[in-house]
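**Student:** I need the structure of the sequence given here:
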Amino acid sequence: MVLPIIIGVGVTIAALTAKATINTIVRCRQLTPVEIARLNGKFIPRANIWPQDNIYWRQFHQMDDSMLHGGFQDKMDYEEALHVLGLEGRVRLEDVKRNHRRLMMLNHPDKGGSRYVAMKINTAKDIILKDLENGSKRW
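**Tutor:** Take a look at the predicted model:
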């Protein structure tokens with residue numbers, strides 16, 4: 001009569017131990033080196049985590065330097081319109097239409113995109129097309 005209770009308690013303890021062990025293993029595999037060091041009372045300087053000679057560090061900062069900082073201008077000009085559509089130099093009508101279509105497919109409000117960004121993309125297209133219609137020879 002006592003044996004089933006002892007077996008039940010033993011199985012419960014074994015199940016809880018197995019569950020806790022599995023959860024611990026899963027969590028330990030997700031730890032980053034910084035978290036492991038912090039749990040062990042160690043300090044890793046940032047330079048050792050992401051050294052400047054690392055190729056990913058260089059690519060990240062080169063990409064950061066190539067982007068404009070800040071938001072849109074109050075009134076969009078031709079240069080900003082080119083930048084919004086990802087164009088440079090001499091512009092052809094086909095390039096404007098292709099880039100506008102690609103960007104609108106990525107940023108359309110019906111597909112979860114921002115209305116503000118979609119409006120800026122359309123404004124950029126309008127500015128460049130108006131400039132092309134006026135026969136501007138911008139380089």
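
**Student:** what comes up buried for the longest helix seen in the chain?
**Tutor:** As assigned by DSSP state H, the longest helix anywhere in the chain is helix 2-29. Judged by neighbour count (16 or more other C-beta atoms under 10 Å), helix 2-29 contains no buried residues. For glycine as for every other residue, the C-beta is placed from the backbone atoms N, C-alpha and C.

**Student:** Which element is encountered next along the chain beyond that helix?
**Tutor:** helix 33-39 (DSSP states H and E).

**Student:** what about the chain, any weak spots by pLDDT?
**Tutor:** 45-53, 64-70, 136-139 (pLDDT under 70).

**Student:** center of it - which residue?
**Tutor:** Residue closest to the average C-alpha location in the chain (C-alpha atoms, centre = their mean): Phe60, at 12.0 Å.

**Student:** now the longest helix of the chain, how far from the centre of its chain.
**Tutor:** Using C-alpha atoms, centre = their mean, to the nearest Å, the distance from the centre of helix 2-29 to the centre of the chain it belongs to is 40 Å.

**Student:** okay, now the domains of this protein?
**Tutor:** Following automatic domain parsing, one finds the domains of the chain at 2-66, 78-133.
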